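Q: Have a look at this prediction, sequence included:
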Number of protein chains: 2
Amino acid sequence: MKHYQVALLGFGTVGSGVYRVLSENGAQITHREGINISVKRILVRDFEQEPNLHLAPMELYTTSFDDIVNDPEIDIVAECMGGIEPARSFILRALGAGKTVVTSNKEVMSKHWPAFEQAAKSTGAGLYLEATVGGGIPILRTILDSMQANNISRVMGIINGTTNYILTQMTESGRSFEEALKEAQALGYAEANPTADVEGYDAMYKLSILSSMAFHAHMPIEVIYREGITKLTPADFETARLLGYTIKLLAIGKKAGKRIEVRVHPTMIPNTHPLASVRGVFNAIFLTGHAVDDIMLYGRGAGCMPTASAVVSDIVYACHHDQRHHYMTFVNEESISNEITLVCDFICIYSIRLKVADKPGTMAAIAAAFAEQGVSLKSVIQLGEPDGTSARITFITHAASEFAVRDSLKKIEALDCVSAVESVIRVEE
Amino acid sequence: MKHYQVALLGFGTVGSGVYRVLSENGAQITHREGINISVKRILVRDFEQEPNLHLAPMELYTTSFDDIVNDPEIDIVAECMGGIEPARSFILRALGAGKTVVTSNKEVMSKHWPAFEQAAKSTGAGLYLEATVGGGIPILRTILDSMQANNISRVMGIINGTTNYILTQMTESGRSFEEALKEAQALGYAEANPTADVEGYDAMYKLSILSSMAFHAHMPIEVIYREGITKLTPADFETARLLGYTIKLLAIGKKAGKRIEVRVHPTMIPNTHPLASVRGVFNAIFLTGHAVDDIMLYGRGAGCMPTASAVVSDIVYACHHDQRHHYMTFVNEESISNEITLVCDFICIYSIRLKVADKPGTMAAIAAAFAEQGVSLKSVIQLGEPDGTSARITFITHAASEFAVRDSLKKIEALDCVSAVESVIRVEE
């Protein structure tokens, strides 16, 4: 039986979970998989400040990465530190030394993937990253090992649990963003500084990885349109409810021929869409392939054990493939090439809510401004306000050019009868 | 680049789909996977009666399996015939000749898996069956390649699209079973003889495979409790609606320690459960693992292209693993051993609807009969009938022994005040 030795980089939530799973399920993995896996070293930053130190024998710990990279017995390095440095350097050095890397670090992967991929190829080491997207949900393996026969034309995912928790509270309890955020923080679902989640950075990192795999073309974060959930108001949720929609922060990638668009933003989806019923901190990723049609994977997108489940799964997989690791074949190496065209002018359905003067001619003036830019309207809901002099109108467009919609809105904002463009939310059917 | 040659057995819906995907996506598979796959032979039963004969060059077809099993150039045999014979013999002969077998045939797999597994091991051939459960949904690969770190305690699946279509119609349009079945037949979702679907045989075959993989213990079909959907009435759906439940035909496997239970039956689940919103012919499988917690996979459980997607995915996977195929390590070889205990006396929540005389003492007599067997009641809904002399009462029990519930019902049926036990439906939370 082949024996594999693993080093863990970082011993926080994910790292300690990986240690626990490998310890508790080691015998089972050996029985089922015919391999033996043990943890040889654990890299920690500082002995004084490690809350999980009691979980493993003291002789496993080190504060020096050299002890790991120079140890010829270590086959696999599991990076569970997060952040850019020193994770980036450690990953590059491990791959350079021919050690397979398994990582849960979406930020460093989304920013340095091509360099990692190259380093891995150059030494024949493996590079595995299931845990970077969707926690315990095996979405990346599904794309690589189960969708090989498919041209994937669309990925749509709820890939940030914090924002999904907040949006679920805003939908179901009518809370404001601020109230829902505070609640999420109190429950440990949101960090004290919630920017990375609520402004969509975390979802952007993950979409970069997810869409790169789905489309076999590297999608750096710079090409992703990003919009967070901080501007959503109870009125948006009320509007969505009236229209039969649910608001979710979706990460969306679409490919049609060579044209690709990648974007993260609040999105209205019909209540009957499978993603609409994904509540709380759960994640789900919806894929469309030309052969398989629509499929969706649902589960816990974060947390100690679900993420550890994905990391250990990668470790086992890496062991089985130690003679033949798989590398991505991006059609565009390094940067966006002429193999693909990146689209910024999305063709979308838009929900647009205006605050207007409640007087004759208002609707006509607005409708004319849309028509001028070729934006055609599917439906209009007007609700009078209690003061009797103003009203809120929500327009749902047919599929329209993003640029044309923005141009219309510039003109509409300038109209005397319009006091505010209160919200613009994209719609996916 | 390595070249693999495939023979297709059967050229109906699935077989012709596999041929189409391999032809249309061959170049893409070669680019991404670094291997070349071509179809060398196609076995058909009878040239006269093959509707898809025009799809492939005539020289590929043969009516003799000997042409395939004796051809040393053929590496992989994709069995897409369905049924027991000659599929069983062909699979055994192919494996015996050292050829890897990929199959979409759930019936033959559920009835002869141990023999196939043994034949594969003896020659080192591969045996792949992703397409047998959930069509294009990669549920089996997920269990084997992404849940290695997990003890799976539960699988719950909607794995028969025909019955899910019928139940969706009964739920949403109030149709009777007969009406919904006719509609499904008219749309091609149900066969002229619908028994295999509506009586739960198809789901039973799939659950045998699914639970065997999930629990790493072979679950032959003989140990599966099976109940179809033919006895469900509009009154059952009305009751479920009042209680906040949806009725689905679920395939359920549970494991606690060595105790395993496997069953297929109509089940009430809360409307908020992710399986409740799986509509029409879609399938979904919900898994619970100790590390990953709950995950769900959703997609098209049947059809030419989704099933072909799974078969081709298996073919590509088999090519990559031609030096090291994976075999199941069932804890119970051949039959149920003392490694596991099969449970027939399920501990379940039950929804029980009775037609009773609307007179004093009725409720007391029934409640006493339940209490006598230790069946404790969670809620009771009584609705009077228009005639004023009878009523319908629905009892929801707490988790109770199946045997105790059956014993109670025998006594309750014999009561003067009870005119009928109209329905007994299990509930999963």
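A: Cool, got the structure.
Q: So chain A: which segments form each domain?
A: A:2-136+A:306-320, A:139-300, A:347-427 (automatic domain parsing).
Q: May I see those domains arranged in JSON lines, with distance to chain B and mean pLDDT as well?
A: No exception for glycine: its C-beta is placed from N, CA and C like everyone else's. Below are the domains of chain A laid out as JSON lines (distance: least, CB to the nearest CB, whole Å; pLDDT from 0 to 100):
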{"stretch": "domain A:2-136+A:306-320", "distance to chain B": "4", "mean pLDDT": "95"}
{"stretch": "domain A:139-300", "distance to chain B": "3", "mean pLDDT": "96"}
{"stretch": "domain A:347-427", "distance to chain B": "20", "mean pLDDT": "92"}
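Q: Let me have these in a markdown table, adding mean neighbour count and distance to residue B:414 as columns.
A: Formatted as a markdown table, those follow (neighbours: other CB atoms under 10 Å in any protein chain shown; distance: least, CB to CB, whole Å):
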| stretch | mean neighbour count | distance to residue B:414 |
| --- | --- | --- |
| domain A:2-136+A:306-320 | 20 | 49 |
| domain A:139-300 | 21 | 44 |
| domain A:347-427 | 16 | 59 |
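Q: Turn those domains into TSV, columns for distance to residue B:24.
A: Putting the domains of chain A into TSV (distance: least, CB to CB, whole Å) gives the following:
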stretch	distance to residue B:24
domain A:2-136+A:306-320	28
domain A:139-300	9
domain A:347-427	26
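Q: Out of these, flag the one nearest residue B:231.
A: Ranking these by proximity to residue B:231 (CB to CB) places domain A:139-300 first, at 28.6 Å.
Q: so what's residue A:262 bridging to?
A: residue A:253 (DSSP bridges).
Q: roughly how far apart are it and residue A:220?
A: 10 Å (CB to CB, to the nearest Å).
Q: With residue A:330 instead?
A: Residue A:330 is 11 Å from residue A:220, by CB to CB.
Q: what is in contact with residue A:262 and residue A:220 at once?
A: residue A:208 (CB atoms under 8 Å, 6 or more residues apart in numbering or on different chains).
Q: re earlier: what do residue A:330 and residue A:220 both touch?
A: With CB under 8 Å, 6+ apart, residue A:330 and residue A:220 have no common neighbours.
Q: pretty sure residue A:13 is in contact with residue A:311, am I right?
A: No. Between residue A:13 and residue A:311 there is no contact under CB atoms under 8 Å: 11.4 Å.
Q: Please give the element, helix or strand, for the closest residue to residue A:137 other than its chain neighbours.
A: Setting aside the residues directly before and after it, residue A:137 is nearest to residue A:299 in space (CB to CB, 6 or more residues apart in numbering or on different chains), at 4.2 Å. Secondary structure from DSSP states H and E places residue A:299 in strand A:293-300.
Q: Quickly run through the sheet partners of that strand, with directions.
A: Strand A:293-300 has these strand partners (DSSP bridges): strand A:282-289 (antiparallel), strand B:293-300 (antiparallel).
Q: Quick check: next helix or strand after it?
A: That would be, after strand A:293-300 and using DSSP H and E, helix A:304-320.
Q: mind listing the helices for chain A?
A: A:13-24, A:26-33, A:66-69, A:87-96, A:106-123, A:139-146, A:161-173, A:177-186, A:195-198, A:201-215, A:234-243, A:304-320, A:362-372, A:402-414 (DSSP state H).
Q: distance of residue A:163 from residue B:123?
A: From residue A:163 to residue B:123 the distance is 52 Å (CB to CB).
Q: again with residue A:428
A: According to CB to CB, residue A:428 and residue B:123 sit 50 Å apart.
Q: Tell me which residues touch the residue nearest to residue A:73 when sequence neighbours are not counted, please.
A: Leaving aside its sequence neighbours, residue A:73 sits nearest to residue A:5 (CB to CB, 6+ apart; 5.2 Å). Contacts for residue A:5 (CB under 8 Å, 6+ apart) come out as A:37-40, A:73-76.
Q: Please repeat the previous calculation with a cut-off of 6 Å.
A: A:38, A:40, A:73-75 (CB atoms under 6 Å, 6 or more residues apart in numbering or on different chains).
Q: Show me which of those residues is closest to residue B:371.
A: residue A:38 (54.8 Å).
Q: what is the closest one paired to in the beta sheet?
A: Assigned bridge partners for residue A:38, using DSSP bridges, are residue A:5.
Q: wouldn't residue A:271 be in contact with residue A:244 here?
A: Yes. Residue A:271 is within contact range of residue A:244, at 5.4 Å (criterion: CB atoms under 6 Å).
Q: mind checking how far residue A:152 is from residue B:245?
A: 35 Å.
Q: Could you list which of the contacts of residue A:5 belong to strands?
A: Per DSSP state E, strands hold the following members of those: A:38, A:40.
Q: any idea how far the nearest residue to residue A:149 once chain neighbours are set aside lies from residue B:100?
A: Leaving aside its chain neighbours, residue A:149 sits nearest to residue B:312 (3.7 Å; criterion: CB to CB, 6+ apart). Distance of residue B:312 to residue B:100, given as CB to CB: 14 Å.
Q: what's the answer for residue A:391, then?
A: On the measure of CB to CB, residue A:391 and residue B:100 end up 68 Å apart.
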